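*Asks:* Sequence and predicted model, in that order:
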Amino acid sequence: MTPETFAAAAGCSAAIAASFAGPMSAAMVEFGISAPTAQAMFIAQFGHETAGYSRTVEGLSYSAEGLMKTWPKRFPTIDAARPYERAPERLANYVYAGRMGNGDEASGDGWRYRGRGVPMLTGRSNYAAAGPALGVDLIGLPDLLLQPSIGARCAGWYWRTRGCNAPAEAGDVEKVTRLINGGLIGLDDRRARWLRAKAALRA
């Protein structure tokens, strides 16, 4: 896939396309994403996760009000949210503690294994599973996921392990969104991105 085609499919800048067109194309070959409708879905779903491939690490810098909206059970009041406002590392260690294979808040795992790469891989257990599959040490060197080549391969691995190909080939945006996200967050944007990618790839 040329950078120009990828830019049109992903709705991203030429500079971003120059970094990601090759790695994403290679990942689709490696992980058997060959049907044009599935390729469009692959580009669209991870385009949503990365804000059009412009962001490949989770920022976690929220206002107190944003924390209450994003994690209402953890931050039911403004007073509960204030200590974590604009404090990304503290926030990650708190909200991701004891989940997804992470240790407790003091372990630092929440921040160390926050969302990275094209799939925004999150949690020590996911890093531990992806690393051997990709032949890299993601536990020891989690920032490897910020390299477009490794980040894109991780997206392919994530896609395949969750069985996204068949529903993607069928054009089932909702089902693929559930497999990628665990819910339907951003469904409208994911669908719009898929339609744009389909048009660009003539799928």
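*Replies:* Okay, I see it.

*Asks:* From here on, just use CA atoms for contacts and neighbour counts.
*Replies:* Fine.

*Asks:* Give me the domain ranges for this protein.
*Replies:* What automatic domain parsing lists as the domains of the chain is 3-56+142-201, 64-112.

*Asks:* Just send these back as TSV, with mean pLDDT too.
*Replies:* Listed next are those as TSV, based on pLDDT from 0 to 100:
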stretch	mean pLDDT
domain 3-56+142-201	97
domain 64-112	97
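
*Asks:* Looking at these, which is nearest to Val136?
*Replies:* Checking those against Val136 by C-alpha to C-alpha gives domain 3-56+142-201 as the closest, at 8.1 Å.

*Asks:* Contacts for the longest helix anywhere in the chain next, please.
*Replies:* Longest helix of the chain, by residue count under DSSP state H: helix 14-30. Contacting residues not belonging to helix 14-30 are listed as 1-4, 6-7, 34, 39, 43, 53-54, 148-149, 152-153, 155-156 [C-alpha atoms under 8 Å, 6 or more residues apart in numbering].

*Asks:* Buried only: go through those residues for me.
*Replies:* Buried members of the contacts of helix 14-30, counted by 16 or more other C-alpha atoms under 10 Å: 3-4, 6-7, 39, 43, 53, 148-149, 152-153, 155-156.

*Asks:* quick check, nearest of those residues to Tyr84?
*Replies:* Of all the buried ones among the contacts of helix 14-30, Tyr53 has the smallest distance to Tyr84: 26.9 Å, by C-alpha to C-alpha.

*Asks:* In this structure that closest one contacts Val118, no?
*Replies:* Yes: with contacts counted by C-alpha atoms under 8 Å, Tyr53 reaches Val118, the gap being 7.3 Å.
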